[in-house]
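**Student:** Quick one, fold the following:
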Amino acid sequence: MNRIAQGLTLVLLGAAALTSTVATDLYLNWVKAGFGPFLIAAGVVMAVLGVLIIVAELRGERAAATAPEEHSDHSADDHGHDHSRAPRVAWLLLLPVVAVFVVAPPALGAYTVESTAASSAPPPEQARPGRFDDGLAEAGPGEVVAMDIRQFVMRAWVDEERQLAGREVELTGFAVPDPEGEGWFLARLQMSCCAADAIVNKVHISNEPAPETDTWWTVRGTWVEPEGDIADVSQHEFEVLEMEEVSDPPSPYEQ
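**Tutor:** As a prediction, this is how the structure comes out:
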């Protein structure tokens, strides 16, 4: 890989970063929205550096073409090899460009949920009863409360007062089949930084036929209150009263 190829690689990498942030919101498949400005800045820097390298190399070639032959030979190979070339492994830098422009990885979905054996609920010691951001306490009697699945699971897992009991809740997520064949899961992924650290939040539904995997649905229904201690519940059940397919799904990641 010569210097011009190096510059072109930087330009393409910068263009990939800008395409996935400025032209589209593709970057949300991999990182949180807060990283957008940093990706834009990195894309601009890489593109500008690539252009500067190309321009400098072209100017150097023109200068070498007009210089005496003896001087050109001496400067091009002081030690018997050309320092203007990078190792062949540098071509691997093109792989991220190919990934974005040709086979851009989609957001994580049902496969991630199916391959994650860990429970979707947070450990009880990481939350304190009474500290919820789901709006349930502020909602009036009989009002349907729209929640993230993360909020629903948190409330169901640690709220010893069971304020969810009998309340109608609206959840939106994608369908995941139950490997045991007993119903299906409505799931979302919670991302702290990037897709690599995403954790699963899901509720189990058994009173409605399982829809197609990875299709998105908004469901309205109620929490199936478990018997005994809620800390012993392995998965939370949700009884659907009404469900509607989502044609324009939101980001699969909850904050």
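
**Student:** Correct me if wrong: residue 114 contacts residue 180.
**Tutor:** No: counting by C-beta atoms under 8 Å, residue 180 is not a contact partner of residue 114; they are 11.7 Å apart. Backbone N, C-alpha and C define where each C-beta goes, glycine included.

**Student:** Flag the shaky bits of this structure, pLDDT-wise.
**Tutor:** 1, 67-90, 93, 96-97, 99-107, 115-131 (pLDDT under 70).

**Student:** The lengthiest helix in it packs against which elements?
**Tutor:** Of all segments of type helix in the chain, defined using DSSP state H, the longest is helix 36-66. If contacts are counted by 3 or more C-beta pairs under 8 Å, 6 or more residues apart in numbering; DSSP states H and E, helix 36-66 sits against helix 3-18, helix 69-76.

**Student:** What residues of it count as buried?
**Tutor:** Along helix 36-66, these residues count as buried under the neighbour rule (16 or more other C-beta atoms under 10 Å): 36, 39, 40, 42, 43, 46, 47, 49, 50, 53, 54, 57.

**Student:** and the gap between the residue nearest to the fifth one when sequence neighbours are not counted and residue 191?
**Tutor:** Using C-beta to C-beta, 6 or more residues apart in numbering and skipping residues adjacent in sequence, the residue nearest residue 43 is residue 17, 3.1 Å away. Distance from residue 17 to residue 191, counting by C-beta to C-beta, to the nearest Å: 19 Å.

**Student:** can you give me the strands in the stretch 151-255 of the chain?
**Tutor:** Remark: strands of the stretch 151-255 of the chain, listed N- to C-terminal, are 168-177, 184-190, 199-205, 216-223, 238-245, 253-254; assignment by DSSP state E, counting those that start in this stretch.

**Student:** Can you give the contact residues for the fourth one?
**Tutor:** Same thing as strand 216-223. Outside strand 216-223, the residues that touch it by C-beta atoms under 8 Å, 6 or more residues apart in numbering are 144, 152, 156, 164-175, 186, 205, 211, 236-246, 249.
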